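Enquirer: Sequence and predicted structure below; questions after.
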Amino acid sequence: ASAVAGAVAFSEAQRRELLRERAERAEAAEAGDPDALAYMIEVWRADALKGDLQAQLSLGEAYLTGRGVPKDPDEALRWFTLSAAQGHRDSQHKVLDMWAHKAKRGDDGGKWAFHMGHVFETGLYVERADLSKAMAWYNKAVKNHAYAGARERALSCERALAAAGDAEGQLNFGTSYWKGDGVAQDKGVAVEWWTKAAEQGSGDGQFFLACAMQTGEGMPGAKRDPAGALVWLQKAADEQGHAGAQKKLCDHWRARARRGDSAAQCLLGSAYAAGRGVAPSMDKALTWWTEAAEAGQSTDAMLLLADVLYHAKGVARNKERAVAWWARAGREHGHLEALFLAGRAYAVGGGCEGGELGAGVGTDSAAAVDLWRAAAVGGHREAQFSLGNAFFYGSGTAKDVAEAKRWWSLSSANGAGNADAEHMLAIAARHDDRNRKKLVAKKVSGVSGGGGGSGKNGRVVVPDSKLVVQQQLPPSPSSPSSIEDPVMGAVSGELDIFRR
C-alpha cells in the first residue's frame, strides 16, 4: 500500500512539474523564444490529436500566422473546424472569418459563399439563424459562380422571408417571379410582391413597381399608370435616395420642361443644383429656374433664384436681382416670407450679414416699410415686429409710438409669440411710465407754486408705483381735523383728471 501511495505521489509531482515547465515554455514562446515555440508546437499537436479543443485552436493559429510552422491557412482551417464542430466558440469565430474571406474572394466556385448561406440558414456557429443573410450569401454563390443547389436554397429563404413580411424577401421573391428564376414566370405575381415591398419602404421595390406601372407589364389588364408610377418614383428618389428613380424623374421633368412646364423646369433646376439624377451644374440650374421664374408661374423658382443669388451659393453674388425676385414672389404670389426678406434687404442696404451693407442694393427705408406692411397685414410675425420698430424709430415712416405698440402686440400674440416684440413692448411701457411721472410731477409743481400751500413746511411725494400726495402742514392748536386744505384739494382734482 505504501509503495502504491508513493507511486501516485511521484506521478502527481511529475504532473505538476510538467505543467510548470509547459507554462514557462509557453511564456518564453510568447516572448519569441524559437526553441520554446517549437516545444509548444509539439505539445499542441499531441494534445490536439487527443481531441483537446484549446490545443486545436492554438495549433490552427500557429498555421494561420506561420509561427513555428510553415504558414498554411488550409491546415489552420482544418484544426479550427475540428474544434468548432465540438462547440468551441473561439474556433467557430475563426471558421466563420475564414469562410467569409474565402467567399468574398470567390474561392472554389462559390463553395464558401454556399457554406456561409448554410451557416445563417441553420444557425450553425452563430447565435441565431438569419434568413436575410443566408439569402444574400446563397445569391452570391449563384450570381458569381452558379454554385449547384445555391439557387434552390436562396429561393427557399426568399419564400419564407416574403411570407413573414420581410421587405427584402418580398422584393427578391417578386424578382424571381418576374424573371422566372426557379419558379414559373408570372409578372402579375411579381408586381404583387413588389407592391408589398414598396409599401414597406423598399427603394428597389418602389422603383421596380414604378417601372411596371409605366409599361403596364404585370399590371391588371396590362394597363399603364403613369401618374402612379411618378408617385412611386418620387418616393424612391426622395425617401430612399434611389439613383435609378432620380434619373428617371429627371428624364420625365426634362421632357416636360422642354414643353414649357414651369413646375418641371423648377424641379429639373433643383436636380442640377443638387446633382440628383444628373451631373451637378449650377449654370444649368440657373437656366431652368430663370426660365420658370420669368414665365411668372413658379414661386419656388423665384425663391430659389433669390436664395442662391443673395447668398452666392455656387454662383456670383447679385443681391439686386435676388431682392427683385423676392419682391416679385411676394407681390405677384403673396409669399409673405419673400416680402419680409426683400424689406429687410432694403432696410440694411442689401446686407444682413458679413458687414456687406450697401452691397448690391441701396438702403430704402420707405420701400422696406411698404414691403413689411404688406407682409404684416398678411400675418407675418417678423414683418409685424420690424414694422413696429420702423414706427417706433420713425424709419421710413412718421414716428408713431402707438402704431409701433399695435404691431408689436400683434407680433407677440402671433403663433408661438415673439420674445423681441415682448421686449420692445416692455421698453415702451417703461417709457410711458416715465412720461406719466414727469407729467404728474409737473402738474403738482405748478399747483403748489400757484397756491403757496406747500412752502418750506410742506412737501409733495410721488412714489415710483403710486400716485399719492402727502401734505404736511402746521397743526391747528384748536381743531386739526377741521382744517380745509386748498392745495390738497387742487392736486387731488388734477390726479383725478390724469387718471381719467
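Expert: Now that the structure is in, tell me what you want to look at. Residues are numbered from 1 along each chain as shown.
Enquirer: tell me the helices in the stretch 251-400 of the chain, going along the chain?
Expert: Counting by DSSP state H, counting those that start in this stretch, the stretch 251-400 of the chain has helices at residues 262-274, 282-294, 299-311, 319-333, 336-348, 365-377, 381-393.
Enquirer: May I see those organised as a markdown table, with mean pLDDT and distance to Leu53 added?
Expert: All C-beta atoms are positioned from the backbone trio N, CA, C, and that covers glycine. Formatted as a markdown table, these follow (pLDDT from 0 to 100; distance: least, Cβ to Cβ, whole Å):
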| stretch | mean pLDDT | distance to Leu53 |
| --- | --- | --- |
| helix 262-274 | 97 | 57 |
| helix 282-294 | 97 | 64 |
| helix 299-311 | 96 | 66 |
| helix 319-333 | 95 | 74 |
| helix 336-348 | 95 | 71 |
| helix 365-377 | 96 | 78 |
| helix 381-393 | 95 | 73 |
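Enquirer: Save these as TSV, and put in distance to Thr122 and mean neighbour count too.
Expert: Shown next, in TSV, are the helices of the stretch 251-400 of the chain (distance: least, Cβ to Cβ, whole Å; neighbours: other Cβ atoms under 10 Å):
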stretch	distance to Thr122	mean neighbour count
helix 262-274	45	22
helix 282-294	53	20
helix 299-311	55	23
helix 319-333	63	21
helix 336-348	60	24
helix 365-377	67	21
helix 381-393	63	23
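Enquirer: Determine how far stretch 130-146 lies from the middle of the whole chain.
Expert: 33 Å (Cα atoms, centre = their mean, to the nearest Å).
Enquirer: re earlier: any idea which of the helices of the stretch 251-400 of the chain gets closest to Ala129?
Expert: Closest of the helices of the stretch 251-400 of the chain to Ala129 is helix 262-274, at 41.4 Å (criterion: Cβ to Cβ).
Enquirer: and that closest one, how far from the chain's centre?
Expert: 23 Å.
Enquirer: could you say what helices and strands it packs with?
Expert: helix 243-257, helix 282-294, helix 299-311 (3 or more Cβ pairs under 8 Å, 6 or more residues apart in numbering; DSSP states H and E).
Enquirer: how about CSV for those helices, with distance to Val142 added?
Expert: As requested, the helices and strands packed on helix 262-274 are exported to CSV (distance: least, Cβ to Cβ, whole Å):
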stretch, distance to Val142
helix 243-257, 22
helix 282-294, 42
helix 299-311, 47
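Enquirer: Could you list the low-pLDDT ranges of this protein?
Expert: 1-10, 350-361, 446-500 (pLDDT under 70).
Enquirer: ok, 50 please
Expert: 4-8, 351-360, 451-500 (pLDDT under 50).
Enquirer: In it, what residue spans correspond to strands?
Expert: Counting by DSSP state E, one finds no strands in the chain.
Enquirer: Can you give me the separation between the residue nearest the centre of it and Gly314?
Expert: For the chain, Glu239 is the residue whose C-alpha lies nearest the centre (Cα atoms, centre = their mean; 12.3 Å). Glu239 sits 26 Å away from Gly314, taking Cβ to Cβ, to the nearest Å as the criterion.
Enquirer: How about Trp137?
Expert: Distance, Trp137 to Gly314, using Cβ to Cβ: 44 Å.
Enquirer: More neighbours: which of those two?
Expert: Neighbour totals were compared for Trp137 and Gly314, and Trp137 leads with 28 against 13 (other Cβ atoms under 10 Å).
Enquirer: residues touching the closest residue to Arg22 other than its chain neighbours, list them.
Expert: Leaving aside its sequence neighbours, Arg22 sits nearest to Val43 (Cβ to Cβ, 6 or more residues apart in numbering; 6.4 Å). Shown in contact with Val43 (Cβ atoms under 8 Å, 6 or more residues apart in numbering): Arg22, Arg25, Ala55.
Enquirer: one more time with 10 Å, if that's ok
Expert: Leu18, Glu21, Arg22, Arg25, Ala26, Ala29, Asp52, Ala55, Ser58, Leu59 (Cβ atoms under 10 Å, 6 or more residues apart in numbering).
Enquirer: and the residues you listed, which are buried?
Expert: Buried subset of those (neighbour count, 16 or more other Cβ atoms under 10 Å): Arg25, Ala26, Ala29, Asp52, Ala55, Ser58, Leu59.
Enquirer: and the contacts of Val43, which of them are in helices?
Expert: Among these, the residues falling in helices (DSSP state H) are Leu18, Glu21, Arg22, Arg25, Ala26, Ala29, Ala55, Ser58, Leu59.
Enquirer: Using CSV, write down the CA coordinates of stretch 185-196.
Expert: Extracted in CSV, the C-alpha atoms of stretch 185-196 (Å, rounded to 0.1, in the frame of the first residue of the first chain):
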residue,chain,number,x,y,z
GLN,A,185,-42.6,33.2,-64.7
ASP,A,186,-45.6,35.3,-63.6
LYS,A,187,-45.2,39.1,-63.8
GLY,A,188,-48.5,39.7,-62.1
VAL,A,189,-47.3,37.8,-59.0
ALA,A,190,-44.1,39.7,-59.2
VAL,A,191,-45.9,43.1,-59.1
GLU,A,192,-47.9,41.9,-56.1
TRP,A,193,-44.8,41.1,-54.1
TRP,A,194,-43.1,44.3,-55.3
THR,A,195,-46.1,46.3,-54.1
LYS,A,196,-45.8,44.8,-50.7
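Enquirer: Buried ones in that stretch, by neighbour count?
Expert: Quick answer for stretch 185-196 (16+ other Cβ under 10 Å): Lys187, Val189, Ala190, Val191, Glu192, Trp193, Trp194, Thr195, Lys196.
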